[in-house]
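In: give me the fold of what follows.
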Amino acid sequence: MMSKTLRASDGSRIGLIAACPGAPLVLLHGVGMCAEAWAPQIAAFAATRQVIALDLPGHGRTDALKGAPSLADYVAWAARAIAGLDLGPVALAGHSMGALIALGTAIEHPHLVERVALLNPVHKRGPAAREAVLCRARELAQGRSDPEAPLARWFAPHEAPEVRDRVGGWLRAVDADGYAATYAAFAEGDAVYADRIGEVRCPTLVLTGEHDANSSPDMTRAIAAGIGNARAVVIAGARHMVSLTAPDRVNTELARWLGLPEGAVGGGGTA
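Out: Modelled structure (predicted):
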């Protein structure tokens, strides 16, 4: 497993963690996180897949997108990154904002995506939830960032304290401008591809935590119902950071999505 920084065709930097050999599995993290947030999945699948976890624009070692990018701009970036890696169609998994990007990539660039997994995705927020996320986006744009607020949403009290501390460290380390720009796209992103999910034709996993109020089980079931070849999974007792707090169960579902034989991967431990 190696950390790398590559140059895209436009000269911008792309940070990633790569493990090989095998068929490619590309991982996209959520807002405020980094490629290292996929540590349990990288550990679990590195023996069977060429795992590539990308830093999103404005996160980790990846250069931010210019201006005020929309979700479509992040989708275009992901397509360029995947095409630039010259891997052919990939298994593409995303968490939260990464799930929105993965979904958009499967719709806009189906030739690049062999199968897609959407972990803790958002979908057609209600009015109150929409206003709350837009308010958070405005606060970040004004330079007002409190890592304890997302941690309180993402973790139950006293849940996985070591994982929570590590996630908090990533939130505190992320570039403030990159975080704000990406969150603004995330705040508007739940509706961008919502009415086009029926265009996804590849095998799809849609997964969330039972107690994730913002990426709710109802959203997961609605997305899966709108995609012809999709399976909805709700991890009991989990919240938003389910890939870190319940890696064994998430990795089992990812292995099934990848078509691996039962018992082919380990749980990967925690972050």
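In: tabulate the CA atom coordinates of stretch 31-51 in CSV.
Out: Output of stretch 31-51 as CSV, limited to C-alpha atoms (Å, rounded to 0.1, in the frame of the first residue of the first chain):
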residue,chain,number,x,y,z
VAL,A,31,-16.6,15.9,2.8
GLY,A,32,-13.9,16.8,5.3
MET,A,33,-12.3,13.3,5.1
CYS,A,34,-9.3,11.9,3.2
ALA,A,35,-8.2,8.7,1.4
GLU,A,36,-7.1,7.3,4.8
ALA,A,37,-10.7,7.1,5.9
TRP,A,38,-11.0,3.9,3.8
ALA,A,39,-8.2,2.2,5.8
PRO,A,40,-10.4,-0.8,6.9
GLN,A,41,-11.5,-1.4,3.3
ILE,A,42,-8.0,-1.0,1.8
ALA,A,43,-6.7,-3.5,4.3
ALA,A,44,-9.6,-6.0,3.6
PHE,A,45,-9.5,-5.8,-0.2
ALA,A,46,-5.8,-5.2,-1.0
ALA,A,47,-5.1,-8.9,-1.4
THR,A,48,-7.9,-9.4,-4.0
ARG,A,49,-8.2,-6.0,-5.7
GLN,A,50,-6.2,-3.1,-7.0
VAL,A,51,-7.5,-0.7,-4.5
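In: mind listing the strands for the chain?
Out: 2-7, 13-19, 23-28, 49-54, 90-95, 113-119, 204-209, 230-235 (DSSP state E).
In: let me see the contact set for residue 6.
Out: Shown in contact with residue 6 (CB atoms under 8 Å, 6 or more residues apart in numbering): 13-14, 16, 84-85. Quick note: C-beta positions are derived from backbone N, CA and C, even for glycine.
In: residue 205 too?
Out: 93, 115-118, 230-231, 233, 253-254, 256-257.
In: neighbour-wise, which one of the residues you listed leads?
Out: Ranked by neighbour count (other CB atoms under 10 Å), these have residue 118 at the top, with 34 neighbours.
In: I'd guessed it sits against residue 103; true?
Out: Yes - Residue 118 is within contact range of residue 103, at 5.8 Å (criterion: CB atoms under 8 Å).
In: got any residues that touch both of these two?
Out: 94, 223.
In: ok, residue 141 - contacts?
Out: 180, 184.
In: re earlier: now mean pLDDT and distance to residue 137 too, for the strands of the chain, in a markdown table please.
Out: Supplementary listing: the strands of the chain in a markdown table, determined by pLDDT from 0 to 100; distance: least, CB to CB, whole Å:
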| stretch | mean pLDDT | distance to residue 137 |
| --- | --- | --- |
| strand 2-7 | 80 | 28 |
| strand 13-19 | 84 | 24 |
| strand 23-28 | 96 | 19 |
| strand 49-54 | 95 | 23 |
| strand 90-95 | 98 | 19 |
| strand 113-119 | 98 | 21 |
| strand 204-209 | 98 | 21 |
| strand 230-235 | 98 | 27 |
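In: which single one of the contacts of residue 205 is nearest to residue 170?
Out: The nearest member of the contacts of residue 205 to residue 170, counting by CB to CB, is residue 93 at 18.3 Å.
In: ok, what's across the strand from the closest residue to the closest one other than its chain neighbours?
Out: Spatially, and ignoring its direct neighbours in sequence, residue 93 is nearest to residue 117 (3.9 Å; CB to CB, 6 or more residues apart in numbering). With DSSP bridges as the criterion, residue 117 is bridged to residue 93, residue 205.
In: surely residue 117 meets residue 251?
Out: No - Residue 117 is not in contact with residue 251 according to CB under 8 Å; the separation is 11.3 Å.
In: distance to residue 245 for the strands of the chain - can I get that in a markdown table?
Out: As requested, the strands of the chain are exported to a markdown table (distance: least, CB to CB, whole Å):
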| stretch | distance to residue 245 |
| --- | --- |
| strand 2-7 | 24 |
| strand 13-19 | 20 |
| strand 23-28 | 17 |
| strand 49-54 | 18 |
| strand 90-95 | 12 |
| strand 113-119 | 12 |
| strand 204-209 | 8 |
| strand 230-235 | 9 |
